[in-house]
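Chemist: Need a 3D model of the following:
(chains A, B, C and D)
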There are 2 protein chains.
Amino acid sequence: MALRNAILAMLLDGESSGYDLAKGFNASVANFWTATPQQLYRELDKMESRGLVAARIVEQERRPNKRLFSLTDAGAAELAEFTTRAPKPTAIRDELLVQIQAVEAGDDERIQHAVADRMAAAETKLKRFERLRDRLLGESGEAEFLATAPRVGPYLTLARGIAFEQENIRWCEQVLAVLDRREAAGFGGERLG
Amino acid sequence: MALRNAILAMLLDGESSGYDLAKGFNASVANFWTATPQQLYRELDKMESRGLVAARIVEQERRPNKRLFSLTDAGAAELAEFTTRAPKPTAIRDELLVQIQAVEAGDDERIQHAVADRMAAAETKLKRFERLRDRLLGESGEAEFLATAPRVGPYLTLARGIAFEQENIRWCEQVLAVLDRREAAGFGGERLG
DNA sequence: TCCTCATAGTCAACTTGTTGAGTAGACATC
DNA sequence: GATGTCTACTCAACAAGTTGACTATGAGGA
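Modeler: From the prediction side, this is the model:
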């Protein structure tokens, strides 16, 4: 249900192929929803058969043909209806946090590595998001943009993504500092059962 | 896989029943993983049959008997092994963000309501987390605790939860401010197709 | 020339997560 | 005395998400 509506929301930006959507919903790019390509192709077929999106085949030279999907009136109505329903509460669900929760019973070194990797990924993502924001804002400052732009939804979700990644980075730094200090103090390596 | 390990990580705090775990993994309480009761009972049975946890039935007066689960050596080994594997990258997946992305094509008023609800929920959760942190810290300050406590994992995941909810609150405030101002400026109610 | 990457998908099998209902006793509240 | 809430689950059905393999073409580099 939510995936369906996330796709409809993406199509507000204009028609696009399953492949394009897959790039947008990729975990390393997305700032409001994620999905794998398989999920998208499957869902798009269902949505087409229900008339929520319209598909049009575009023949291309030098590369495979593609199907471009666009919002139909029924799709827009469905999306509008979705915005009237109470959204599900969200909570964190993160394998790295599970590992940190169990850090004293696990492999210190590997976990520190994982935290460093996560921090690097967050930094990359943050930079991407900031470039995206600059492109969205164009010449205007934030206040002007928010007052005059026809759409602010994408800007606001992007703002959430930026804040999330900044928080991620700060937290990773804290964790690394704490684990380093404890290792130096002789807490490293020891296992709790 | 991750749920299994999240359960094992919970059992580091001592034996507990499915019902108790369900409370801990409840979306409004959890700071590192969530699960429904059904998921837990199902997974616990599987884990018991694989020897990762041991169950013991405790007969109670005035209330139903319960099965208390505890970590076995095999379970602890599985959890340790899990900490050596690279965790999956996580991304935001939030119905409210989908609604915000589509705010210009949706129902302004209801969305503002949903944002206000989310903010209230985040405040409740933040307070709960802060109380939990105070209990964890006890008499010690943060620096002392981090230097001397036998386990810091639960503290670090709690810190992530706290930061997440604070960010949530800030973002909700921003969104409400922006939507209010746009409504006053005459952007409200109008729909984009 | 081979190898990899990017485009643009499809198919099948599997694992995870969600929803709703049911059971059953004890206690509190109106 | 009826209703609701808390403990402590179980069962069944369904929806959503993941994994891995496969097809096909063209471009760019080693």
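Chemist: residue ranges with poor pLDDT in chain A?
Modeler: With pLDDT under 70 as the threshold, chain A has low-confidence stretches at A:188-193.
Chemist: which stretch of helix or strand covers residue A:182?
Modeler: helix A:153-184 (DSSP states H and E).
Chemist: by contact count, what packs against that helix?
Modeler: Packing contacts for helix A:153-184, counted by 3 or more CB pairs under 8 Å, 6 or more residues apart in numbering or on different chains; DSSP states H and E, involve helix A:108-137, helix B:95-101, helix B:142-148, helix B:153-184. All C-beta atoms are positioned from the backbone trio N, CA, C, and that covers glycine.
Chemist: Pick out the residue closest to the middle of chain A.
Modeler: By CA atoms, centre = their mean, chain A has its centre lying nearest to residue A:30, at 2.5 Å.
Chemist: circling back to that earlier point, quick one: buried residues of the helix holding residue A:182?
Modeler: A:153-169, A:171-172, A:174-175, A:178-179, A:182 (16 or more other CB atoms under 10 Å in any protein chain shown).
Chemist: next one: it to chain centre, how far?
Modeler: Computed by CA atoms, centre = their mean, to the nearest Å, the chain-centroid distance of helix A:153-184 equals 15 Å.
Chemist: and the angle for it with helix B:153-184?
Modeler: On the basis of axes from the mean of the first three to the mean of the last three CA atoms, to 10 degrees, helix A:153-184 is oriented at 160 degrees to helix B:153-184.
Chemist: Next, see if the helix or strand hosting residue A:77 gets close to DNA strand D.
Modeler: Secondary structure from DSSP H and E places residue A:77 in helix A:73-82. No - judged by CB under 7 Å from any atom of the strand, helix A:73-82 makes no contact with DNA strand D; its nearest approach is 11.6 Å.
Chemist: just to revisit the earlier point, secondary structure class for the residue nearest to the centre of chain A?
Modeler: Local secondary structure at residue A:30 is given as coil here, using DSSP: H, G, I helix; E, B strand; the rest coil.
Chemist: tell me the contacts of it?
Modeler: For residue A:30, the contact set (CB atoms under 8 Å, 6 or more residues apart in numbering or on different chains) comprises A:24, B:91, B:92.
Chemist: how much space is there between the nearest residue to residue A:170 once chain neighbours are set aside and residue A:171?
Modeler: Nearest in space to residue A:170, with sequence neighbours left out and distances taken as CB to CB, 6 or more residues apart in numbering or on different chains, is residue B:163 at 7.1 Å. According to CB to CB, to the nearest Å, residue B:163 and residue A:171 sit 6 Å apart.
Chemist: Might you enumerate the residues of chain A proximal to DNA strand C?
Modeler: A:17-20, A:23, A:37-38, A:41, A:45, A:60, A:63-67, A:88, A:93.
Chemist: can you tell me which of these are up against DNA strand D?
Modeler: Residues of the residues of chain A next to DNA strand C in contact with DNA strand D (CB under 7 Å from any atom of the strand): A:38, A:63, A:64.
Chemist: possible to save those as TSV with neighbour count and secondary structure?
Modeler: Formatted as TSV, those follow (neighbours: other CB atoms under 10 Å in any protein chain shown; DSSP: H, G, I helix; E, B strand; the rest coil):
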residue	neighbour count	secondary structure
A:38	10	helix
A:63	6	coil
A:64	7	coil
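Chemist: between those residues, which is closest to residue B:6?
Modeler: Set against residue B:6, the nearest of those by CB to CB is residue A:38 (25.2 Å).
Chemist: returning to that earlier point: I'd like to know which of the ones next to DNA strand D among the residues of chain A next to DNA strand C is nearest to residue B:1.
Modeler: Using CB to CB, residue A:38 comes nearest to residue B:1 of these, at 19.0 Å.
Chemist: distance of the closest one from residue A:10?
Modeler: For residue A:38, the distance to residue A:10 - CB to CB - is 17 Å.
Chemist: again with residue A:4
Modeler: 11 Å.
Chemist: before we move on, what about residue A:19?
Modeler: Per CB to CB, residue A:19 is found 13 Å from residue A:10.
Chemist: Any part of the helix holding residue A:77 near chain B?
Modeler: Yes - legend: contact between helix A:73-82 and chain B by CB under 8 Å from any CB of the partner chain is shown at A:73, A:76, A:79, A:80, A:82.
Chemist: again, but for stretch A:2-10
Modeler: Yes - if you take CB under 8 Å from any CB as the test, stretch A:2-10 does meet chain B, through A:2, A:5, A:6, A:8, A:9, A:10.
Chemist: Report the backbone C-alpha coordinates of that stretch in CSV.
Modeler: What follows is stretch A:2-10 as a C-alpha-only set of coordinates in CSV (Å, rounded to 0.1, in the frame of the first residue of the first chain):
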residue,chain,number,x,y,z
ALA,A,2,2.6,2.5,1.0
LEU,A,3,4.9,1.4,-1.9
ARG,A,4,2.0,2.0,-4.3
ASN,A,5,1.6,5.5,-3.0
ALA,A,6,5.3,6.2,-2.9
ILE,A,7,5.4,5.3,-6.6
LEU,A,8,2.4,7.6,-7.3
ALA,A,9,4.2,10.4,-5.4
MET,A,10,7.3,9.8,-7.5
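Chemist: How far off centre is it?
Modeler: Here stretch A:2-10 shows a centroid-to-chain-centroid distance of 13 Å under the convention CA atoms, centre = their mean.
Chemist: thinking again about what came up before, tell me what angle the helix holding residue A:182 forms with helix A:108-137.
Modeler: Going by the same axes, to 10 degrees, helix A:153-184 makes 160 degrees with helix A:108-137.
Chemist: Name the residues of chain A found near DNA strand D, please.
Modeler: By CB under 7 Å from any atom of the strand, the residues of chain A that approach DNA strand D are A:1, A:2, A:3, A:34, A:35, A:36, A:38, A:39, A:62, A:63, A:64.
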